[in-house]
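Enquirer: below is the sequence, then the predicted model.
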Amino acid sequence: MKYSRWTRAAAVLVGLAAGCGGSGGTAKTVGELGNGEFVYGCENPNDGACEGLGEAVFPDCIVLGGKFRMDYILRDPDAVDDNWNETFFVFVASANQDFFEGTDVFRANRVGRAAMLARVDEQIIDMIHLEIAAADRIEVRGIDGSPTSTVEVPQGLAVQVDVMPQADGCDPLGGGGPVTAVSSDAAIVDASGGERVSLRGVALGSTTVTVGMAGYEQAITVNVVEAPVTTTTDGTDETAGTDETAGTDETVGTDDTSGTDGDTSGTDTGTDGGSTDSSGTGG
């Protein structure tokens, strides 16, 4: 269970606002009793409240099975008591573990509406209600964050894409969760799931990868293309991870004519004159 230690003087300035465990930032909303702000943090990179792109938005709903973090910033210490020297601990708890299970990272276990509480010991100082909704579809996001049904992968390299849960009436839908990925032809594309879908291009060609999340599946087309070729500063071409030719055809030192037809001091010593000192001769 996450606690925040407060003194009367510090409570106005400092609050507990943990970082977003998997992606993005945090989002705040004022509690229903108005004594402070609840702080939502994403635990999964495919959380619709963060999406890993820009600023987080406090979610309308939490997807069934989704995980998230919830903290609290106390703005009004008078909500606890009027003693200036009092030290106390503020923490966030689920009002019903059947709906939101956990003490630091929470998991949505049951469809419905349930409360999260900001507490000091047994005293409730604020609350917020969140809707838990089942996803009705999923959406694949490409590497640029846009919805897509086709992904391009360079041969020998891997890219990651997100699978986002969606539900009508919930924008955004928070929580996210684990995803699965199965390739129709592993000789062309190697696919794996987890927090995100990873696609590695094995051989040139196209195949289908089926991704799944929250009980839904979607097929996407994956095209494996030639890896990009870049030119290095020594003038050679390098293909990422393939047929590296750095140093090929190096001509440094070849046909070095340094000194030729230049200073001929001492050249042809003793020639055409019998002199053993030809300094400057033939210069």
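Expert: That came through, no problem. Numbers count the residues shown, from 1 in each chain.

Enquirer: next SSE after the lowest-mean-pLDDT helix or strand in the chain?
Expert: Lowest on mean pLDDT, DSSP states H and E among the helices and strands of the chain sits helix 8-11, with a mean of 37. With elements assigned by DSSP states H and E, the helix or strand that comes after helix 8-11 is strand 26-30.

Enquirer: export that next one to CSV, keeping only CA atoms.
Expert: This file holds the C-alpha atoms of strand 26-30, laid out as CSV (Å, rounded to 0.1, in the frame of the first residue of the first chain):
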residue,chain,number,x,y,z
THR,A,26,0.2,11.1,-15.3
ALA,A,27,-3.2,12.8,-15.3
LYS,A,28,-5.1,14.5,-12.5
THR,A,29,-8.6,15.2,-11.5
VAL,A,30,-10.2,16.8,-8.4
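
Enquirer: tell me the buried residues in it?
Expert: Applying a neighbour-count criterion of 16 or more other C-beta atoms under 10 Å, one finds Thr26, Ala27, Lys28 buried in strand 26-30. Where you see a C-beta, it was placed from the backbone N, CA and C, and this is true even at glycine.

Enquirer: show me what secondary structure element comes after it.
Expert: Toward the C-terminus, strand 26-30 is succeeded by strand 36-42 as the next helix or strand (DSSP H and E).

Enquirer: pairing partners for the helix or strand just after that next one, with directions?
Expert: Next helix or strand after strand 36-42 toward the C-terminus (DSSP H and E): strand 61-63. Each strand paired with strand 61-63, and its direction, by DSSP bridges: strand 123-133 (parallel), strand 173-174 (parallel).

Enquirer: what sits up against strand 61-63?
Expert: Applying C-beta atoms under 8 Å, 6 or more residues apart in numbering, the contact partners of strand 61-63 are 48, 68, 100, 108, 130-135, 165, 167, 169-170, 173-177, 214.

Enquirer: one more time with 6 Å, if that's ok
Expert: With contact meaning C-beta atoms under 6 Å, 6 or more residues apart in numbering, strand 61-63 is reached by Ala108, Leu130, Glu131, Ile132, Ala133, Ala135, Pro165, Cys170, Leu173, Gly174, Gly175.

Enquirer: stretch 132-142: end-to-end distance?
Expert: With C-alpha to C-alpha, to the nearest Å as the measure, stretch 132-142 spans 27 Å from end to end.

Enquirer: same thing with stretch 129-142?
Expert: 33 Å.

Enquirer: could you give the mean pLDDT of that stretch?
Expert: Stretch 129-142 carries an average pLDDT of 94.

Enquirer: what residues of it count as buried?
Expert: Residues Leu130, Glu131, Ile132, Ala133, Ala135, Ile138, Glu139, Val140, Arg141, Gly142 are the ones in stretch 129-142 that count as buried (16+ other C-beta under 10 Å).

Enquirer: I figured the second one was touching Arg113, is that so?
Expert: It refers to Glu131. Yes - with contact defined as C-beta atoms under 6 Å, Glu131 and Arg113 form a contacting pair (5.3 Å).
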